[in-house]
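In: structure of the sequence below:
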Amino acid sequence: MTTATPAAPAAPVAADPAAAPSLTSTFVRLKLALLRNGLRGSTKRKAAFVSSAVFALLAAAVVVLVLALLRGHAHAGTAVVVLAAILGLSWAFMPLFFAAGDETLDPSRLVMLPLRPRPMVRALLVSSLVGIGPFFTLCLAVGSVVAVADDGAAVAAGVLAVPLLLLVCVALARAVATANVRLLNSRKGRDLALLSGLLIAVGAQLANFASQRLTQAGGLTALEPVEAVVRWLPPATAIGMVDSVSAGAYGRAAVQLALTLAALVLLLWGWERGLTNLMVTPDGSTLAAAGPEKERATGGGLWALLPGGRTGTVMQRTLRYVVRDPKTKSAWVTALAVGLIVPVFNALQGTGSVYLACFGAGMLGVQMYNQFGQDTSAFWMVAQTMSSSRDAFVELRGRAYALGLVTVPYTVLVTAVTAGLVGDWSALPEALGLALGLLGAMLCTGALASAYYPYSIPSEGAFKNVAPGQAGLAWAGIFGGMLSAAVLCLPLIALTITLHVTDLHALLWLLLPVGVLYGLLATWVGLRLGARKVATSLPEILQAVSKG
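Out: Down below sits the predicted model:
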């Protein structure tokens, strides 16, 4: 009788490596899932995505058509090379201002996963090619190649230049985002996101100024010195390579190709190093927050120059809002920049006037509106300290003083710069008097609007400055106050016109002291009337500013 020998256990079957999906395909599917899931939210989000996609498609079609029409133009190469440089600059700064709109720009979300930097760089690079921005960049690259490719060799160079331009732009954006990920997740990063409106305003003025200069006869010639430099800077070197091949400068094209490839390699290497540091370096923000806070003297330094009592305290609190509160800071910086850009750019274009300096005073005067809204629900602490109209008057006066501490020197500066650019120094006193009179009128109506039309400013949402259901209050307060301020300035305007019409130019300097006194009087009246309303409406104001 024989005993059966037990069979040896079967060797474990090794997992088929081909069965596991690649990291790149997984990241691409995740990016598509993010785009798809973003459309499953609110109707406003769907409308925003669809409208942005349609706008990008239309803009891409128009740009490609315009670039195609440049084909054969003597300065076509200059235009497309400068355009490629602007495109690369936009991709470099995009993560710093619009990171909140794209969660994939934040690689810190992946630090806890067992992923190596190099495969992750490859996967993120490919997934970054999915989206509206890369598609728009691809269209610009194709249109640029069409504009300068004159023969078969140039077309072959263009086939290589298009993907290189796109890869360099995407790698540049990713490297910048990774290097600044700690900043983007901090309060300073949120401040940068809020300042994107300022970037758009400045960019619009620059684009308007450049378009007017370029549409003039020989306007593209002015770009030649710029193009001579940027054609050697990636990613513009990719389009510059195609232009060089069209001109028969094959040696120059080879150098530009080498520069483009070197830039791509360096960006990928820097990106990989950034990811490695991000994965192995702990976030020290919480450690810093847990440490002992340094004692700060609240009354030392420049704060000691402020008046004593409640007035100085209110001024300090208001100025600290400007420095620390993201939305208040954004509003102030935007007003300061736009108030200077409009008169200066108009003066540079030859269409300026010294009276446009009033625009800067008006932009900052708007900051007086809805003074209690920036306090939000913390206004109850301010309300507890006001028991009479006198207390309310001192409160509003301190806020107006803080605003004037910045606005008055700024108005003098803008008026002087504008007068110098337009070459009309004789009109400086009258323009400055009008600007200061307008500022006083806006402080007057701003105090009244703060008392009669307070509204809440939500703390969340970078571009949401009015709580739901209070938009009517905001429009009534701001636009009603601005129109009222314009009406209050009619006596000053009438006086200015009268002195000009009657040829009493020697008396125009009187508009400066008259404007100052008129502005002070208007401010005092507005503060007095607003204080009476505030003293009798503290519960209503608290309820209105606490809805955010």
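
In: which of the residues in the longest helix along the chain are classified as buried?
Out: The single longest helix within the chain, with elements called by DSSP state H, is helix 389-422. Residues 389, 391-404, 406-408, 410-412, 414-419, 421-422 are the ones in helix 389-422 that count as buried (16 or more other Cβ atoms under 10 Å). (C-beta placed from N, C-alpha, C; glycine too.)

In: which other helices and strands contact that helix?
Out: Packing contacts for helix 389-422, counted by 3 or more Cβ pairs under 8 Å, 6 or more residues apart in numbering; DSSP states H and E, involve helix 309-324, helix 326-348, helix 357-365, helix 428-452, helix 511-536.

In: now these as a markdown table including mean neighbour count and distance to residue 272?
Out: Formatted as a markdown table, the helices and strands packed on helix 389-422 follow (neighbours: other Cβ atoms under 10 Å; distance: least, Cβ to Cβ, whole Å):
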| stretch | mean neighbour count | distance to residue 272 |
| --- | --- | --- |
| helix 309-324 | 16 | 36 |
| helix 326-348 | 20 | 33 |
| helix 357-365 | 26 | 45 |
| helix 428-452 | 27 | 53 |
| helix 511-536 | 20 | 59 |
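
In: what's the closest of these to residue 63?
Out: Nearest of these to residue 63, taken as Cβ to Cβ: helix 326-348 at 24.1 Å.

In: that closest one: how far from the chain's middle?
Out: 12 Å (Cα atoms, centre = their mean, to the nearest Å).

In: pull out the buried residues from the helix or strand hosting residue 164.
Out: Element membership for residue 164 (DSSP states H and E) is helix 152-179. Across helix 152-179, burial judged by 16+ other Cβ under 10 Å covers 154, 157-158, 160-162, 164-179.

In: which parts of the stretch 1-150 of the chain are helices?
Out: 23-38, 43-69, 76-98, 117-127, 132-148 (DSSP state H, counting those that start in this stretch).

In: starting at the chain centroid, how far to the third one?
Out: When you say that, I think you mean helix 76-98. 16 Å.

In: packing partners for that helix?
Out: Looks like helix 76-98 contacts helix 132-148, helix 152-179, helix 181-184, helix 187-194, helix 196-214, helix 224-230, helix 236-246 (3+ Cβ pairs under 8 Å, 6+ apart).

In: which residues of the stretch 401-548 of the chain score low on pLDDT?
Out: Where the stretch 401-548 of the chain drops to pLDDT under 70, the residues are 459-473, 548.

In: next one: the chain
Out: 1-21, 38-45, 47-48, 95-109, 111, 181-220, 222, 281-301, 459-473, 548.

In: domains of this protein?
Out: Here the domain parsing of the chain from automatic domain parsing is 23-281, 307-545.

In: how many other residues sit next to residue 110?
Out: Counted with other Cβ atoms under 10 Å, the neighbours of residue 110 add up to 16.

In: brain fart, residue 128
Out: Residues near residue 128, counting by other Cβ under 10 Å, number 24.

In: again with residue 547
Out: 17.

In: do I have it right that it meets residue 456?
Out: Yes: when contacts are counted by Cβ atoms under 8 Å, residue 547 is listed as touching residue 456 (4.1 Å).

In: can you pull the contacts of residue 392?
Out: 386, 530-532, 534-535 (Cβ atoms under 8 Å, 6 or more residues apart in numbering).

In: against residue 474, how distant is it?
Out: 22 Å (Cβ to Cβ, to the nearest Å).

In: tabulate the helices of the stretch 1-150 of the chain (JSON lines), appending mean neighbour count.
Out: What follows is the helices of the stretch 1-150 of the chain, written out as JSON lines (neighbours: other Cβ atoms under 10 Å):
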{"stretch": "helix 23-38", "mean neighbour count": "14"}
{"stretch": "helix 43-69", "mean neighbour count": "13"}
{"stretch": "helix 76-98", "mean neighbour count": "21"}
{"stretch": "helix 117-127", "mean neighbour count": "19"}
{"stretch": "helix 132-148", "mean neighbour count": "22"}
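
In: okay, those in CSV with distance to residue 486 next?
Out: Shown next, in CSV, are these (distance: least, Cβ to Cβ, whole Å):
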stretch, distance to residue 486
helix 23-38, 43
helix 43-69, 34
helix 76-98, 34
helix 117-127, 53
helix 132-148, 41
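
In: what's the closest of these to residue 224?
Out: helix 76-98 (5.7 Å).

In: and the angle from the closest one to helix 43-69?
Out: Here the directions of helix 76-98 and helix 43-69 differ by 160 degrees (axes from the mean of the first three to the mean of the last three Cα atoms, to 10 degrees).

In: quick one: closest of the helices of the stretch 1-150 of the chain to residue 435.
Out: Of all the helices of the stretch 1-150 of the chain, helix 76-98 comes closest under Cβ to Cβ, at 31.2 Å.

In: could you dump that closest one to PDB, C-alpha only?
Out: Provided in PDB are the C-alpha atoms of helix 76-98 (Å, rounded to 0.1, in the frame of the first residue of the first chain):
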ATOM      1  CA  ALA A  76       5.000  89.100 -38.600                       C
ATOM      2  CA  GLY A  77       7.900  87.400 -36.900                       C
ATOM      3  CA  THR A  78       8.300  90.300 -34.500                       C
ATOM      4  CA  ALA A  79       4.600  90.100 -33.500                       C
ATOM      5  CA  VAL A  80       4.500  86.400 -32.900                       C
ATOM      6  CA  VAL A  81       7.800  86.200 -31.000                       C
ATOM      7  CA  VAL A  82       6.600  89.000 -28.600                       C
ATOM      8  CA  LEU A  83       3.200  87.300 -28.300                       C
ATOM      9  CA  ALA A  84       5.000  84.000 -27.300                       C
ATOM     10  CA  ALA A  85       7.000  85.900 -24.600                       C
ATOM     11  CA  ILE A  86       3.800  87.400 -23.200                       C
ATOM     12  CA  LEU A  87       2.200  84.000 -23.200                       C
ATOM     13  CA  GLY A  88       5.100  82.500 -21.200                       C
ATOM     14  CA  LEU A  89       5.000  85.400 -18.800                       C
ATOM     15  CA  SER A  90       1.200  84.800 -18.300                       C
ATOM     16  CA  TRP A  91       1.800  81.100 -17.500                       C
ATOM     17  CA  ALA A  92       4.500  82.000 -15.000                       C
ATOM     18  CA  PHE A  93       2.300  84.400 -13.000                       C
ATOM     19  CA  MET A  94      -1.000  82.500 -13.400                       C
ATOM     20  CA  PRO A  95      -0.400  80.200 -10.400                       C
ATOM     21  CA  LEU A  96       0.300  83.100  -8.100                       C
ATOM     22  CA  PHE A  97      -3.000  84.900  -8.800                       C
ATOM     23  CA  PHE A  98      -5.400  82.200  -9.800                       C
END
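
In: make 800 the first number, not 1, from now on.
Out: I'll keep to 800 as the first residue from here, and by that count the last item is helix 875-897.

In: just give me the neighbour total for residue 1304.
Out: Neighbours of residue 1304 (other Cβ under 10 Å): 12.

In: wait, it touches residue 1298, no?
Out: Yes: the pair residue 1304 and residue 1298 qualifies as a contact (Cβ under 8 Å) at a distance of 7.1 Å.

In: who touches both of those two?
Out: Contacts common to residue 1304 and residue 1298, judged by Cβ under 8 Å, 6+ apart, are absent.

In: if we can go back for a sec, residue 1231 is nearest to which of the helices of the stretch 800-949 of the chain?
Out: helix 875-897 (34.8 Å).

In: report the angle between that closest one and helix 931-947.
Out: Using the same axes, to 10 degrees: helix 875-897 against helix 931-947 is 170 degrees.

In: I'd like to know which of the helices and strands packed on helix 1188-1221 lies nearest to residue 936.
Out: Closest among these, once you apply Cβ to Cβ, is helix 1125-1147, at 27.6 Å.

In: ok, residue 1124 - contacts?
Out: residue 1173 are the contacts of residue 1124 under Cβ under 8 Å, 6+ apart.

In: skip the chain neighbours and tell me the closest residue to residue 1058.
Out: What sits nearest to residue 1058 in space, not counting adjacent residues and going by Cβ to Cβ, 6 or more residues apart in numbering, is residue 1036, at 4.7 Å.
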